[in-house]
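Enquirer: Sequence and predicted model, in that order:
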Amino acid sequence: MAQYLIVGGHGGVGEALARRLAAAGHAVIVTGREKAAIDGLAAEIGGRGIVCDVLDPGSVAALGKEVEGALDGLCYAAGTINLKPFERLSVDDFLNDFNINALGAARVIQAVLPALKTAEAGSGIVLFSTVAVDQGFAAHASIAMAKGAVVGLVRSLAAEFAPQIRVNAIAPSLTLTPLGQKVVTSEKMAEAVAKMHPLPRLGQADEIAAMAGLLLSPEGSWISGQVIGIDGGRSTLRIRS
Ligand SMILES: NC(=O)c1ccc[n+]([C@@H]2O[C@H](COP(=O)([O-])OP(=O)(O)OC[C@H]3O[C@@H](n4cnc5c(N)ncnc54)[C@H](OP(=O)(O)O)[C@@H]3O)[C@@H](O)[C@H]2O)c1
């Protein structure tokens, strides 16, 4: 039995991963900002819930102290989506996206690094980028900047931590989670966005979680420094000329 930490464990992808790992018999620690929600999920899956706000350095440091024993894997699934034309983006928008998506990940990794280093067979870290880093989309400047920083973090840490800790990212296209639902506000819009993908549908939280689970597991033990697109081909394929 391995022990995994999922930050943003009550989000769409985080919760799907927590359920998968718990169902496979692993010890799972989930974090979120709301105590009742995170405790409820932890009780349901037989795991442990810890309240953590990644914007609060004290809260992240406390998380590091609360994790007991070796960590076989960390999935940092906290994230934002904030789509606005460039002219309307404020400095606060940029900072908030950067702090939650990139700096928060770095902070959490620093806080739990001793536990990740203790795992005997090595450990894994999974972060999240977005399809909007490889493919430019209008109104994505702030989130693409923040998620581009995540890619830099992944590659740097994968080199620095090899061979003991593997570090990878998943770059999804629009996926039906609470975050994704904020973007597609109607059935018509969901259909239109789905058609923009060579594999013409939106993503499901559980298929993103399945890849995260593989990257954290021994089956992913020769994968590091990668950014894996789960995006219906949107970042790389053009099927009509
Ligand atoms: N869904 C998509 O279309 C899509 C596309 C590209 C990339 N992604 C990325 O995939 C990852 C998973 O996203 P998702 O779709 O599962 O999103 P989600 O359902 O909205 O979950 C995101 C989680 O982020 C957490 N979070 C936000 N601010 C936080 C803070 N200050 N401190 C701690 N936690 C915070 C939320 O925690 P609370 O429970 O406390 O609110 C929530 O559980 C994210 O990094 C996202 O950016 C998603």
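Expert: Looks like it arrived, so ask away.
Enquirer: Within its sheet, name the partner strands of the longest strand seen in the chain and how each one runs.
Expert: Assignment by DSSP state E gives strand 165-172 as the longest strand of the chain. Strand 165-172 pairs in its sheet with strand 123-128 (parallel), strand 227-230 (parallel), by DSSP bridges.
Enquirer: nearest to H140, of these?
Expert: Minimum separation from H140 across these (CB to CB) falls at strand 123-128, 14.7 Å. The C-beta positions use only the backbone N, C-alpha and C, and glycine is treated the same way.
Enquirer: and that closest one, what's its mean pLDDT?
Expert: The pLDDT scores in strand 123-128 average 98.
Enquirer: show me the contacts for the most centrally placed residue in the chain.
Expert: Per CA atoms, centre = their mean, the C-alpha nearest to the average position across the chain is that of A77, at 2.9 Å. A77 sits next to I6, V7, G8, G9, G11, V13, G14, L17, F128, A212 when contact means CB atoms under 8 Å, 6 or more residues apart in numbering.
Enquirer: go on, L63?
Expert: Counting by CB under 8 Å, 6+ apart, L63 makes contact with V7, T31, I50, C52, V108, A111, V112.
Enquirer: Identify those among these that sit within strands.
Expert: Filtering these for strands - DSSP E - leaves V7, T31, I50.
Enquirer: What pLDDT is listed against the nearest residue in space to P198 that is not next to it in sequence?
Expert: Distance criterion CB to CB, 6 or more residues apart in numbering; nearest residue to P198, sequence neighbours excluded, is G233 at 3.5 Å. Listed pLDDT for G233 reads 97.
Enquirer: again, but for S241
Expert: Note on S241: pLDDT of 65.
Enquirer: and this protein, which of its residues are near the ligand?
Expert: Contact residues (CB under 6 Å from any ligand atom) of the chain with the ligand: 8, 10-14, 32-34, 53-55, 77-79, 100, 128, 130, 172, 174-175, 177-180.
Enquirer: Among the contacts of A77, list the two that are farthest apart in space.
Expert: Maximum distance among the contacts of A77 (CB to CB): 13.4 Å, for G9 and F128.
Enquirer: what's in contact with stretch 182-192?
Expert: I81, L83, L174, L176, V193, L202.
Enquirer: I'd like the contacts of A77 as TSV, with neighbour count appended.
Expert: Below are the contacts of A77 laid out as TSV (neighbours: other CB atoms under 10 Å):
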residue	neighbour count
I6	31
V7	28
G8	26
G9	30
G11	21
V13	30
G14	28
L17	30
F128	24
A212	30
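Enquirer: Now do the helix ranked longest in the chain: everything it contacts.
Expert: The helix that spans the most residues within the chain, counting by DSSP state H, is helix 141-161. Contact with helix 141-161 is made by 80-84, 86, 89, 93-94, 97-98, 100-102, 105-106, 109, 125, 127-130, 132-133, 136-137, 165-169, 171, 224-227, as judged by CB under 8 Å, 6+ apart.
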